[in-house]
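Visitor: Sequence below, structure please.
(chains A, B and C)
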Amino acid sequence: MSLLRVSGLYKRFGGLTATDGVELDIEPGELHAVIGPNGAGKTTLINQLSGELAPDAGTIAFEGRDITALTVHQRALAGFSRSYQITSVFPEFTALQNVMLAAQAHAGHSFRFWRPVAGEAALIETARAALEQVGLSHRTDVEVAALAHGEHRQLEIAMTLATAPKLLLLDEPMAGMGQHESEAMIALLAGLKGRYGIILVEHDMDAVFALADRISVLVYGRVIACDVPAAIRGNAEVREAYLGDEAVAA
Amino acid sequence: MTLGLFLTQTLNGLQLGVLLFLLAAGLTLVFGIMNFVNLAHGSLYMMGAYFAAAVFNATNSFVLAGVVAVPATMLLGMLVERVALIRLYQRDHLDQVLATFGLILFFNELVRIIWGPASVYMNAPEALSGTVMLFGFGYPAYRFAIIAAGLFVGAGLYWMIHKTRVGMLIRAGATKPEMVAALGVNISLLNTLVFGLGAGLAGFAGWMAGPILSVQPGMGEPILILTLVVIVTGGIGSIRGAFYGAMIVGIVDTIGRAFLPTLLREFLERSLAQAAGPAIASILIYLLMAVVLAVRPQGLFPVKHG
Amino acid sequence: MRSPQLWAAAVLLGLLGLVPVYAAVFEQPFYITLFARILIFAIAALGLNLILGYGAMVSFGHALYIGIGAYAVGILSFHGVTSGWAHLGAGLAVGAVAATVVGWVCLRTSGIAFIMITLAFAQMFYFLSVSLKQYGGDDGLTIAARSDFGWVNLANNTVFYYAIFAVLVALLLLFRRIVDSRFGMVLRGCKSNERRMAALGFPTMRYKLAAYVISAQVCVVAGMMLANLTKFASPSFMQWQASGDLIVMIVLGGMGTLIGPVAGATGLLLLEEVLAGWTQHWMVILGPLIVVIVIVSNRGIFGVLAALGRTGGAGRARPGGTSGEAR
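Guide: Coordinates of the predicted model:
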C-alpha cells in the first residue's frame, strides 16, 4: 500500500487551471521530489496536500484512508507534517520552545492550565532529540530571532520531526541558502531518507538529483513525467519545459 | 397592516440604508486602500451635521448649510489624517482603533463645549417640507429627497471609481499598492484624498440627516456601529458590499421595528409578545449579521482578489 | 526579585492593598470606593488581556460581559434572590453561553472584522438591556443590597475592598501559571503564527474559543463586583466606550505583561479623576492624550519596564520566553 496516493486532483482559479488532474504516488520511505518551472502550480499543489486549500475535484488518500475532507490540523495529527517555504517559526520563543510546541501538538490535548510546559520532561526529551537530529543541539536555549537563516531552516525540519510524522512535506527547504548551508541541508535530508516518506519541493536541482528516489515534473498544473532521476534527466519533454527557465542539471 | 404603511416603512428603510451607505462607502474605501480602521468616521458625520446646523441657524439656508458643511468636513478629515492618522498606517489595527477611539472622545467633548450638551435643530428646506404622492399615499418629500440624493451620490461614486483615472488609482491602490507607487503616483497624497472623500461623504450624510435626527454630542457612534455591521455583513473593503449591506440593514432594521411586534402577537401570548417584540426588533440586524458571518465569514459580497 | 518590572508590580500591589489604611488614617472613605472601582476594572482588563495581549484577539466588546455580570446580580436581587453564590452561578452560566456563541461567530473572522463584530455584539446586548423595560430599561436597575456570601460581609466596605483585592491577586497568580502552561503556549503560538499552529496539529479555533470564554468570564466576575459596588446595573456598563476604556487600560499598562492591565486601570482611572477635578470637559484632554500615547509609544508602562529589565540583565536567557516580561 502506498503511503500517499493523490488521484485526479483539480483546482481552478477563475480561468486558470492551477492543478490539472495531478496523480502522485508516494511509497513508504520514499523521497519523492516535485519540481517544475515557476508558475507550474507547486505551491497550489502543496496547499491542497496539507489541507489549506480545498481541491475542486480528486482525492487524497493517506495510508489508504481518504483524507480529502480533513482539516489542516487533522492531517497533521494523522502524521502528515509540512514545512513552509517562508520560514514559519515562532520568533519570540527559544529553539527548544519551538520544537516543544510541535511535540506538544502530538502529546495529548493542551487544555492544561496550571503546570508549566518547561517542566514537562517528555516534551523536552522529544524536542531535544529532534534538535539533535538536525544538528541544533548547541542552540537550544537561544531565542529564535537570534538564529541565522540556515538555522531557521534546520529548526523548521526539527519542528516537523517532533510531530512524529509519517510523511514530511518540505516546501523548498533550501530556499535562500548559501552553498555551504545547502550542503549541510542535503546531508541532513539524506540522513532522514528512508525513515519517513518525504515529498520535497525544491528549486535546487543539485539537491533534488542527489536526494530523490523519484521525481515528478509539474508543468502548468500537470504532471508531465514521473520517474527515477536518471530517466528524468534524459526526458526530452522535461528539457523542453525547462528551456529558457533553469536548466535541469546535466 | 396596510400596503401604504408597508411601502412607507420600506421607503424609511431605504432612507436609512442610503445614509448608512454614504458612511460605509467612505469607511470601506479608507479601509480597502490604507488598511486603516477609522472609528472616528462617525465623529466626522457628527461634525458634518453640526457644521450644517450652525450655518443653517446663522443663515436660515439649507443649501448654504450643505455648501459649507461638506467641504468643511472634508477639510477636517484631511487635517486629522495629516496631523495624526498618517503616523498610524504602518501600525497594527489595535493602535489604529485606540487612536481613533481617542479622537471620538475628543470630538464628542468638543461639540459639547462649542454647542452645549443639548440637541441642535435644523429644518428641512421649505420646498421639501410637504409630502409627495406615491401610488396613492403620501410620503415626506424631504425623506424622499434623501433617498434620491443618496442614490445620486452613490451612482457618482460608482462612476468615479470605475470610469476616471483617480478611480482607477483607487482601485489599484486597494489591491496592489506597491504597483501604484511604482507608477510614480504620490501614494501619500492619494491616501489623503481618499480620506477626504470619505470624510466628505460622511459630512454629506450628516447634513442630510440634520433635519430628521437630533444633532447632539455622541450622535456619530450608534450609526458608526450600524455602519460596521453593514461593512462586515456586506464584505469588508467592497463598495458593492457596502451598498447592498446598507440597503439590507436599513430595510431589515426599519421593517423589523415596525412590524415584528405586531407579527409576534400572532404567535405569542400578548404580554410576552409585548415584551419580546421590541427587544427582538432592536437586535434583529445583529442577529442577521451573526447568521451571515456564521455561514459566510467573509461577508455577502467580498472583494475579489487577484 | 531581580527585574524592575517585578519590583514595580510588587510596589503597585502593595500600595493598592494599603488603600483602606490610608482611607482610615486620612478619614477619606471615598478612597475605598474609588480604588475598589480601579481594582474592578483592573480585573476586567486583566481578563481581556488574556486574549488581547497573549492571543492577539482584539475584542472591542468585552464590556458586554461586565454587563452580563452586573445584570445577573441586578435581576436576581430584583426577584429577591440575594445569595452571592446564586449570583455567581447565574452570571457565569449566562456568561459561558453568551461567550461561547458570540466567540464562535466572531472567531470565524479575524483581524479588523473581529474588532468590528465584537463591537457590534456588545451593542446588540446593550440594546437588549435597554429593551428590558421590566428591569428599568434605559435607566437601569438599582440593587437593594450587596450579594450575600454568608460569613464574608460585603456590606462592610473594607471587607468588600479586600475581597476584590483577593480575587485580583488570585487571578494574577492563576494567569501567571496559565501563560507558561500548555494552554498558554498554544495561545501565544496562535498570536505569533496561527497557520503554523494548525500545520503542527493544533485545532486552533478550539483553544482560541476557550481563551475567549475564560477571558469573558473574568469580565463577568468584574461586572458582578461593579454592580455590588455601585448597587446598580445599567445598560451604560455595556456601552462601547466601556469596551474602549478596557483596551486603553491594557495598552497604557503594557499588553502581553501580566501586571500591565492593573497599572493601566490604575493610571487611566486616576488620570480621569484628576482631569475631572480640573474641568468637566476632561475628555477633550484625555482623547488627544490617548492619540499621543499611541503614536509615541506602543509598549505601555510595563512594556518599557520589561525592556529596561532586559537591557539591565543583558545576556541572561529569559526562562519563560515573552512571559518573562510579566514577572
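Visitor: just checking, B:Tyr244 touches B:Gly234?
Guide: Yes: between B:Tyr244 and B:Gly234 there is a contact under CB atoms under 8 Å: 5.7 Å. To be clear about C-beta, it is placed using only N, CA and C from the backbone, and glycine gets the same treatment.
Visitor: Find residues that contact each of the two.
Guide: Common contacts of B:Tyr244 and B:Gly234 (CB atoms under 8 Å, 6 or more residues apart in numbering or on different chains): B:Leu300, B:Phe301.
Visitor: which of the two has more neighbours?
Guide: The neighbour count for B:Tyr244 versus B:Gly234, taken as other CB atoms under 10 Å in any protein chain shown, is higher for B:Gly234 (28 against 19).
Visitor: Now do the contacts for that one.
Guide: Going by CB under 8 Å, 6+ apart, the list of residues near B:Gly234 reads B:24, B:28, B:240-246, B:248, B:299-301.
Visitor: if you set the cut-off to 6 Å instead, what comes out?
Guide: B:Gly241, B:Ala242, B:Tyr244, B:Gly245, B:Gly299, B:Leu300, B:Phe301 (CB atoms under 6 Å, 6 or more residues apart in numbering or on different chains).
Visitor: in chain A, which helix or strand is least confident?
Guide: Least confident helix or strand of chain A, by mean pLDDT, DSSP states H and E, is helix A:236-242 with a mean of 82.
Visitor: Who is the residue nearest the centre of chain A paired with across the strands?
Guide: Central residue of chain A (CA atoms, centre = their mean): A:Leu170, 1.6 Å from the mean position. When assigned by DSSP bridges, A:Leu170 has beta-bridge partners A:Ser83, A:Leu200.
Visitor: What parts of chain C come near chain A?
Guide: Residues of chain C lying near chain A by CB under 6 Å from any CB of the partner chain: C:177-178, C:180-183, C:185-186, C:189, C:192-193, C:196, C:198-203, C:317, C:321-322.
Visitor: neighbours of the residue lying closest to B:Ala118 once chain neighbours are set aside, just the number please.
Guide: Nearest-residue entry for B:Ala118: B:Gln216, 7.3 Å, with adjacent residues in sequence omitted and distances by CB to CB, 6 or more residues apart in numbering or on different chains. By other CB under 10 Å, the residues close to B:Gln216 number 20.
Visitor: can you give me the helices for chain B?
Guide: Using DSSP state H, the helices assigned to chain B run over residues B:3-34, B:41-59, B:62-83, B:93-115, B:141-163, B:165-175, B:177-182, B:187-209, B:220-234, B:239-267, B:270-295.
Visitor: So the first one, near chain C or not?
Guide: Just to be clear, that refers to helix B:3-34. No: using CB under 6 Å from any CB, helix B:3-34 stays clear of chain C, coming no nearer than 6.9 Å.
Visitor: buried stuff in that helix?
Guide: Within helix B:3-34, the residues scored as buried using 16 or more other CB atoms under 10 Å in any protein chain shown are B:8-9, B:11-34.
Visitor: tell me the mean pLDDT over stretch B:53-67?
Guide: The predicted model gives stretch B:53-67 an average pLDDT of 93.
Visitor: in the sheet, who's paired with the residue in chain A that chain B sits nearest to?
Guide: Residue nearest to chain B within chain A (CB to the nearest CB): A:Phe13, separated by 7.2 Å. With DSSP bridges applied, A:Phe13 shows beta-bridge pairing to A:Leu16.
Visitor: neighbours around it, how many?
Guide: Neighbours of A:Phe13 (other CB under 10 Å): 13.
Visitor: How about A:Ala122?
Guide: A:Ala122, neighbours per other CB under 10 Å, totals 12.
Visitor: Not including adjacent chain positions, what is the nearest residue to it?
Guide: Per CB to CB, 6+ apart, closest to A:Ala122 is A:Ala107, 6.6 Å.
Visitor: What lies in contact with stretch C:129-136?
Guide: B:Pro278, B:Ala279, B:Ser282, C:Ile75, C:Gly137, C:Asp138, C:Leu141, C:Pro235.
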